[in-house]
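K.L.:
Build me a model from this:
(one chain, ligands or ions: 1)
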Amino acid sequence: MTKPSNGDGLDQIGDWSIDKLEILKAYSEQYALILQSQTTTKGNAQFHYGYIDGFAGATTLPGTKSLITFSKSIASHVGKKILSEPIGAWSHPAVISANNFVYKSLSNWSLNIAVGCGHGCRFCYVPSSSTNKQAEALSRYGVNNPDAEWGKYVLLRPWDENKFRASLRAAENMPASELNPDGNRAVMLCTTTDPYQVFHHSDPGRAKALTQQALDLVHRALVLIRDESTLNVRIMTRSPLARQHFELFKSFGPRLLFGMSLPTLRNDLAKVYEPQAPAPSSRLATLQRARDIGLNVYVAMAPTYPECDDADLRQTLEAIKATEPVTIFHEPINIRADNVERIAEQGRRLGIPLRTEVFTTRESWRDYSLNSLKSVIRITQELEISQRLHLWPDKKLGARWVIDSMSKPAEYRRWLEKKWARISEWPKN
Ligand code: SF4
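P.N.:
All right, here's what the predicted structure looks like:
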């Protein structure tokens, strides 16, 4: 990186403006270490070097005043944040944004508190659908391959109340006619990370601070959603840490659904597929507690693994039934980017043979996928909870070659479309 200078030790960052300051703040959070090492001793300005990566292209004449303003404004950020490491702080704040779900019926909006997820589930679709698009930004945090390194980076978004409120107002004022009814006018926490995760940092103090910061962020966001909007909220987590907010959840009444992912009760399988997430037994206990205190709960039995046989599916569904969920979502594992390789590698590392052959050909995956869906339909019928079952057949199951391979193609297609069009339940009171 070439560092320009106007000759008196001041770099050219341009005249002061709110917009520019916001951009500089964002960059400075990523480059704080560089900024610190480039501090000069001239006057009161602490950060005379405003040259920050690509921003240089927008420079005009600096003016010492603007530099001092800039330096004071970012001074509070630098030193507090340890940057350029994969467990830490991201540059852009947490806001409510429209999501791109297709056929899921989970929400209209997402609130994601971090980039990356410490639970590092091996099958997770997020790297392929989301974080791979951030590869360049992530490289500044030492992440070279967002897919292969999934689970090793978690960057907490900062809290900016003004920006959050603006995004909340935009969502609240969105006309119903512009919303997909299958979203139930809900904001989901979260869709690309877990809202209740422990940050694992080599410095225990930093780990504790990040974990608490994340909890505070979620708490404040929920209070604002509750008090300043009429939006619904869908919580989705794998962590019993959510218990800390149960009273807050309760204050939403029917506007909030609390859900957990529970694909199996087998802790040994979860160790392979969700190695850093809390054990299924603790998730089930959390769901039961939520039900006991009167929260409306749902369960995502997603994704079930090739090793989940009938006995396992039945045991899991029986336990789920006891939590009286509003909806039970289900899907098998879909193939996305490198997720099969991540699963296979974990199996090899733990010396556990896995049925990865089901992912070898499109036909074997089709059979595994459809058989899983059928087994869950059958067992929920036997347990008399099929009315609450909401299947998520992957869109690839609607490919021409799959339809053509069916004995009754038209009937199969109608079945798929019915599943895709289903609107999930939302409690009335
Ligand atoms: S908890 Fe969710 S977002 Fe996090 S790794 Fe697992 S599946 Fe992905």
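
K.L.:
gap between the residue nearest to K163 when sequence neighbours are not counted and L156?
P.N.:
Ranked by CB to CB, 6 or more residues apart in numbering and with sequence neighbours excluded, the top spatial neighbour of K163 is P93, at 5.1 Å. C-beta: built from backbone N, CA, C; applies to glycine. Counting by CB to CB, to the nearest Å, the gap from P93 to L156 is 10 Å.

K.L.:
Comparing these two, which shows the higher neighbour count?
P.N.:
L156 (23 against 17; other CB atoms under 10 Å).

K.L.:
starting at the chain centroid, how far to the longest helix seen in the chain?
P.N.:
Criterion DSSP state H: the longest helix present in the chain is helix 204-228. Helix 204-228 sits 15 Å away from the centroid of its parent chain (CA atoms, centre = their mean, to the nearest Å).

K.L.:
Check the average confidence over it, would you?
P.N.:
The average pLDDT within helix 204-228 is 94.

K.L.:
After it, which helix or strand is next?
P.N.:
Heading C-terminal from helix 204-228, the first helix or strand you meet, by DSSP states H and E, is strand 232-237.

K.L.:
Run the contact check for that next one versus the ligand.
P.N.:
No - using CB under 6 Å from any ligand atom, we find that strand 232-237 stays clear of the ligand, coming within 7.5 Å at best.

K.L.:
From start to finish, how long is stretch 379-397 in a straight line?
P.N.:
One end of stretch 379-397 sits 21 Å from the other (CA to CA, to the nearest Å).

K.L.:
What are the boundaries of the helices in the protein?
P.N.:
Using DSSP H, helices in the chain cover 18-37, 64-75, 126-129, 135-139, 161-172, 204-228, 246-250, 267-273, 280-292, 310-322, 339-350, 362-382, 400-404, 409-421.

K.L.:
Give me the helices and strands touching the longest one, please.
P.N.:
This points to helix 204-228. strand 87-89, strand 154-156, helix 161-172, strand 186-189, strand 232-237, helix 246-250 (3 or more CB pairs under 8 Å, 6 or more residues apart in numbering; DSSP states H and E).

K.L.:
Next: the fifth one.
P.N.:
Helices and strands touching helix 161-172, by 3+ CB pairs under 8 Å, 6+ apart, are strand 96-98, helix 204-228.

K.L.:
ranking the helices and strands packed on helix 204-228 by mean pLDDT, which is last?
P.N.:
strand 87-89 - the lowest mean pLDDT of these, at a mean of 86.

K.L.:
quick one: buried residues of it?
P.N.:
87-89 (16 or more other CB atoms under 10 Å).

K.L.:
how much distance is there from that strand to the middle of the chain?
P.N.:
The chain centre lies 15 Å from the centre of strand 87-89; the measure is CA atoms, centre = their mean.

K.L.:
Stretch 292-301 now?
P.N.:
Distance of stretch 292-301 from the chain centroid (CA atoms, centre = their mean) equals 20 Å.

K.L.:
Show the average pLDDT along it.
P.N.:
98.

K.L.:
Ok, stretch 308-323 next?
P.N.:
Average pLDDT, stretch 308-323: 98.

K.L.:
Okay then, goodbye and thanks.
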